[in-house]
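Peer 1: Show me the folded form of this:
(chains A and B)
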Amino acid sequence: AQSVTQLDSQVPVFEEAPVELRCNYSSSVSVYLFWYVQYPNQGLQLLLKYLSGSTLVKGINGFEAEFNKSQTSFHLRKPSVHISDTAEYFCAVSALRGSTLGRLYFGRGTQLTVWP
Amino acid sequence: DAGVTQSPTHLIKTRGQHVTLRCSPISGHKSVSWYQQVLGQGPQFIFQYYEKEERGRGNFPDRFSARQFPNYSSELNVNALLLGDSALYLCASSSTEYNEQFFGPGTRLTVL
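Peer 2: Numbers count the residues shown, from 1 in each chain, chains lettered A, B, ... in the order given. Below is the predicted model of the structure:
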């Protein structure tokens, strides 16, 4: 099976500062990787995904992430955050093959709080 | 384009009751998955259906069941509700069983 570890449960940051949300994963097979954002009392919105190809992936709202296979990491970054980025962020993996094909495995989430 | 829709938005039940949650996928999507998100945690996989067949089941007791209809909509049923079943239940749809999943707004279930 697959598992995801989000290393920080809470990340406070001031507006216009850069931010990195860390994600490590474990899997015995190749995986797809995702970052989702969840605003209060809402569902999940896809920020970006890594399927194959370039290891640097750009998503919506100025976010990007880098896939590092050797370190089994998929950290999310933004060079300058806004107050509107305050939300819960989830890293997720999905196996490309095997009995767990198509299932998303999520980390526990990182609460990003942007202060003025 | 309409996204994934779920009903009801909120639900309050008492222990021992049963509940049915509903999900309509994005038009053209044939796969529906269900996730449980307990407060303060990430979503956990419950079921996946593709072309009306169960393709996967997570580590949940038999009190949880689901089905997918010919129009690809889906129901999640939970019997003999426990306090620990209180959670946000998320439905996601995708065009195939392994493609990108799009999530609905969820149903907030509270068990008293």
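
Peer 1: What are the neighbouring residues in contact with the closest residue to chain B within chain A?
Peer 2: Chain B sits closest to A:Phe106 of chain A, with a gap of 3.3 Å, by C-beta to the nearest C-beta. No exception for glycine: its C-beta is placed from N, CA and C like everyone else's. By C-beta atoms under 8 Å, 6 or more residues apart in numbering or on different chains, the residues touching A:Phe106 are A:4, A:36, A:90-92, B:35, B:42-44.

Peer 1: Which of those residues fall in strands?
Peer 2: Residues of the contacts of A:Phe106 located in strands (DSSP state E): A:4, A:36, A:90-92, B:35, B:44.

Peer 1: where exactly do the strands run in the chain?
Peer 2: You didn't say which chain, so I picked chain A. For chain A, strands defined by DSSP E occupy the ranges A:3-6, A:10-14, A:19-21, A:23-26, A:31-38, A:44-50, A:56-58, A:64-68, A:73-78, A:87-95, A:105-106, A:110-115.

Peer 1: meant chain B, my bad for not saying
Peer 2: So, for chain B - with DSSP E - the strands run B:5-7, B:10-13, B:19-24, B:31-37, B:44-50, B:53-57, B:64-68, B:74-78, B:87-94, B:102-103, B:107-111.

Peer 1: Using PDB, write down the CA coordinates of the fourth one.
Peer 2: The C-alpha coordinates for strand B:31-37 follow below in PDB (Å, rounded to 0.1, in the frame of the first residue of the first chain):
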ATOM      1  CA  SER B  31     -16.000   6.100 -11.700                       C
ATOM      2  CA  VAL B  32     -17.100   7.300  -8.200                       C
ATOM      3  CA  SER B  33     -15.100   7.000  -5.000                       C
ATOM      4  CA  TRP B  34     -16.100   7.700  -1.400                       C
ATOM      5  CA  TYR B  35     -13.900   9.100   1.300                       C
ATOM      6  CA  GLN B  36     -14.400   9.700   5.000                       C
ATOM      7  CA  GLN B  37     -12.700  12.800   6.600                       C
END
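
Peer 1: tell me the mean pLDDT for it?
Peer 2: Regarding strand B:31-37, the rounded mean pLDDT is 96.

Peer 1: likewise the first one?
Peer 2: Averaged across strand B:5-7, the pLDDT comes to 96.

Peer 1: got the contact list for the closest residue to B:Leu11 other than its chain neighbours?
Peer 2: Leaving out its chain neighbours, the residue that sits closest to B:Leu11 by C-beta to C-beta, 6 or more residues apart in numbering or on different chains is B:Leu109, at 5.0 Å. By C-beta under 8 Å, 6+ apart, the contact set of B:Leu109 is B:11-13, B:19, B:21, B:78, B:85-89.

Peer 1: now the residue of chain A closest to chain B: how far from A:Ser52?
Peer 2: Distance from A:Phe106 to A:Ser52, counting by C-beta to C-beta, to the nearest Å: 21 Å.

Peer 1: So which bits of stretch A:108-116 are buried?
Peer 2: Under the neighbour-count criterion of 16 or more other C-beta atoms under 10 Å in any protein chain shown, stretch A:108-116 has A:109-112, A:114 buried.
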